[in-house]
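Participant: sequence plus predicted model, see below.
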Amino acid sequence: MAERCSKSNAIVLSLSLILLLSLSATQSKLLTRCQLAKELLRHDFPRSYLSNWVCLVESESGRSTSKSMQLPNQSVSYGLFQINSKNWCRKGRRGGICNIKCEEFLNDEISDDSRCAMQIFNRHGFQAWPGWMSKCRGRTLPDVSRC
């Protein structure tokens, strides 16, 4: 009887671990450069700025949909575009200029991230992102022409 319980517990534990791993795998992605370029085009980013957007995302989040980073001013930046909680979203509830919960930027569905990033861009241009300013502005941009 004890052996059967032990085997049952092992099976339940194994299934739980598999479920946990599969859930975390669907929650975030590390995109390749071409996957990112295709996703941006699918979300209506203009092809003429595509290399700038790819460079921005690479410098801000390393193409990871799940990156979050606390800044010295106690705000947090979220997701592919590292959208900041100070102005653009609110932690734990809808709010900010983009009227969204910040944690929504941490999953692999980038429609909401893209809408907010475009809103930021329309107000401030690429200059709103420190990573773009330091690593992309005036520099050779990623070649995404073969994507």
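Facilitator: Received it, and whenever you're ready, just let me know what you need.

Participant: could you use CA atoms for every contact and neighbour count after this?
Facilitator: Noted.

Participant: quick check: buried residues in whichever strand or helix holds I120?
Facilitator: Using DSSP states H and E, I120 falls within helix 111-124. Buried residues in helix 111-124, counting neighbours by 16 or more other CA atoms under 10 Å, are found at D113, S114, C116, A117, M118, I120.

Participant: show me which of those residues is closest to L30.
Facilitator: Distance to L30, by CA to CA, is smallest for D113 among the buried residues of helix 111-124, at 15.0 Å.

Participant: how much space between the nearest residue to the closest one once chain neighbours are set aside and T140?
Facilitator: Spatially, and ignoring its direct neighbours in sequence, D113 is nearest to F105 (5.6 Å; CA to CA, 6 or more residues apart in numbering). Distance, F105 to T140, by CA to CA, to the nearest Å: 28 Å.

Participant: and for the residue lying closest to F121 once chain neighbours are set aside, the neighbour number?
Facilitator: Nearest non-adjacent residue to F121, counting by CA to CA, 6+ apart: A128, 7.2 Å away. Neighbourhood size, A128 [other CA atoms under 10 Å]: 14.

Participant: got phi/psi on A128?
Facilitator: Backbone torsions of A128, given as degrees, to the nearest 10, read phi -70, psi -20.

Participant: if I read this right, S85 contacts I100, doesn't it?
Facilitator: No. S85 is not in contact with I100 according to CA atoms under 8 Å; the separation is 9.9 Å.
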